[in-house]
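In: Whatever this is, show me its structure:
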Amino acid sequence: LALGWAAWKTYVGRPESNQYRIQAMGLLAGALRLSSQCEAAIQIFKAKLALLERFWPHEVGSILGTQTNMANCIYELGRPIEALSLEREIYARRVAIHGDSHHDTIQAGTSLAISLNSLGLWEHGKRLARDQLLPVARRSLGADNDLTLEINLNLANALQEDSDHTHDDLVEAETIMQDVVRRRLRVFGPAHPSTLRAEALSSHLRKQLARA
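Out: I've put the predicted structure just below:
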């Protein structure tokens, strides 16, 4: 946080169109968020976004990255519906600008699916993951890619967390996780946190099916 304030004090006197000044704004806002000062952080992110749109409208990546940081802050402030609305906008713009198979688009879609599931909008989250994200992730990133595997895990988790899940949903989730665990073991090894998390969910699903 001290570094963020130091950077801001160094460049605050420069013109609003100065690239170092806006970089310092981002550094300070990020430091405030990490220090759990999200209310202050979001105000700086908003100011940064306004300057980006005014002076650097072609810097789409920076604009969307700033909006993503804002959505994260809003979510951490306990306003998930507001955050979800912004995440929908970010994903739609990523698709329009980069296409649906770009890594950043898939990452934005994954965040959106997680938020949908966290709000209990299971069908929307599952449909986004299964019908939109997974096909393009497998094709453009590969089945062993970390993000592809994360989408699979989130889908499996949504299938079993949905209170209206069926026995077939649990079977599908367990099948997904068998594949995820196999790939995690091969790519990351048995001690990697992602492998351990996948194994834990797979074990939980097996126990659920045994009780069904």
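In: going forward, measure contacts and count neighbours with C-alpha atoms only.
Out: OK.
In: longest helix anywhere in this protein?
Out: In the chain, assigned by DSSP state H, the helix with the most residues is helix 167-188.
In: which element is the most centrally placed residue in the chain on?
Out: Centroid-nearest residue in the chain, with CA atoms, centre = their mean: Ser111, separated by 3.0 Å. Secondary structure here is read from DSSP states H and E; on that basis Ser111 sits in helix 103-118.
In: picking that back up, helix or strand right after the longest helix of the chain?
Out: helix 193-211.
In: then that following helix to PDB, C-alphas only?
Out: This file holds the C-alpha atoms of helix 193-211, laid out as PDB (Å, rounded to 0.1, in the frame of the first residue of the first chain):
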ATOM      1  CA  PRO A 193      -3.100 -27.800  -5.000                       C
ATOM      2  CA  SER A 194      -5.300 -28.000  -8.100                       C
ATOM      3  CA  THR A 195      -4.900 -31.800  -8.200                       C
ATOM      4  CA  LEU A 196      -5.800 -32.100  -4.500                       C
ATOM      5  CA  ARG A 197      -8.800 -29.900  -4.900                       C
ATOM      6  CA  ALA A 198     -10.000 -32.000  -7.900                       C
ATOM      7  CA  GLU A 199      -9.500 -35.200  -6.000                       C
ATOM      8  CA  ALA A 200     -11.500 -33.900  -3.000                       C
ATOM      9  CA  LEU A 201     -14.500 -33.000  -5.200                       C
ATOM     10  CA  SER A 202     -14.200 -36.400  -7.100                       C
ATOM     11  CA  SER A 203     -14.200 -38.200  -3.800                       C
ATOM     12  CA  HIS A 204     -17.200 -36.300  -2.500                       C
ATOM     13  CA  LEU A 205     -19.100 -37.100  -5.600                       C
ATOM     14  CA  ARG A 206     -18.300 -40.800  -5.300                       C
ATOM     15  CA  LYS A 207     -19.700 -40.700  -1.700                       C
ATOM     16  CA  GLN A 208     -22.800 -38.900  -2.900                       C
ATOM     17  CA  LEU A 209     -23.400 -41.500  -5.600                       C
ATOM     18  CA  ALA A 210     -22.900 -44.400  -3.100                       C
ATOM     19  CA  ARG A 211     -25.600 -43.000  -0.900                       C
END
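In: Okay then, goodbye and thanks.
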